[in-house]
Every structure is written in structure tokens, then in C-alpha cells.
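Colleague: The sequence and its predicted three-dimensional model are supplied below.
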Amino acid sequence: MLYGDVHMTPNMHLLSHLAGVVKNWGPLWAYSLFQFESANGRLQALVAGTNGVVTQISQKYATMALFVIILSGITSPIVFYNSVTMCLAISI
């Protein structure tokens, strides 16, 4: 190691394990968490401040769901459920 453990950042520590991880688990693309991180980013975009985070996300999610329902003219309860569950795919 070039600088030793004292000067190692968390990212550098994780990189030091990378070869072993690939050896044990296979190529990195096979177990990427990008989709989960992307969903977290969309949730974070729904928050405008530090107070009432859950309320902010809930209200904006419900607004998006209603927006999708109004635009698509949904009348069936099954289609309504599917559109509500897919609303997080909409980027703000």
C-alpha cells in the first residue's frame, strides 16, 4: 500500500476488496445496485426540505399518481392500481 492504513479513505478501502469480490461473485455488472440507487435519487427529488420528509414524498407521489390517472382516462380499478404502483418511474 502506498500511504498506509492511516491515510486510507472509505472508497479506497472498498477498492482494495474489489479483486476478491469479483473473484467470489463474478463480474460487477452481474449484481449492480444501480437501479436501486436510481430509485433513491427519484425519491430524493421529491423532497424539498428536512421537515416532514415522509409527508412530502407521500403527497408528491399521490399527486403524480392522480396526474397519470387523469391523463390516461383510467376507469378500471386494476389499471388504476398498476398505474399507481408505477408512478415512481416518472422523473420530476
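Modeller: The structure has been received and is ready for your questions. Numbers count the residues shown, from 1 in each chain.
Colleague: burial count for A30?
Modeller: 8 (other CB atoms under 10 Å). Heads up, the C-betas are built off the backbone N, CA and C, glycines and all.
Colleague: what about it, distance to M12?
Modeller: Counting by CB to CB, to the nearest Å, the gap between A30 and M12 amounts to 24 Å.
Colleague: now do Q59
Modeller: Taken as CB to CB, the span from Q59 to M12 is 41 Å.
Colleague: go on, T63?
Modeller: 43 Å.
Colleague: before we move on, what about I70?
Modeller: Using CB to CB, I70 is found at 50 Å from M12.
Colleague: more crowded one of the two?
Modeller: M12 (13 against 9).
Colleague: Give the helix, strand or coil label for the more buried one.
Modeller: What DSSP: H, G, I helix; E, B strand; the rest coil gives for M12 is helix.
Colleague: Got the confidence number for it?
Modeller: On the pLDDT scale, M12 is placed at 83.
Colleague: ditto for P77
Modeller: Taking P77 on its own, its pLDDT is 55.
Colleague: now do T9
Modeller: 85.
Colleague: So it versus L18, what's the distance?
Modeller: Separation of T9 from L18 (CB to CB): 14 Å.
Colleague: Now tell me which helix or strand of the protein has the poorest mean pLDDT.
Modeller: Least confident helix or strand of the chain, by mean pLDDT, DSSP states H and E, is helix 77-85 with a mean of 56.
Colleague: Run the chain-centre distance for stretch 38-49.
Modeller: 8 Å (CA atoms, centre = their mean, to the nearest Å).
Colleague: What strand or helix carries the residue most central in space within the chain?
Modeller: When CA atoms, centre = their mean is applied to the chain, the residue found nearest the centroid is A39 (2.1 Å). Per DSSP states H and E, A39 falls inside helix 34-45.
Colleague: Now do the helix of greatest length in the chain and helix 34-45, the angle between them.
Modeller: Ranked by residue count and defined by DSSP state H, the top helix of the chain is helix 53-72. For helix 53-72 against helix 34-45, the angle by axes from the mean of the first three to the mean of the last three CA atoms, to 10 degrees is 100 degrees.
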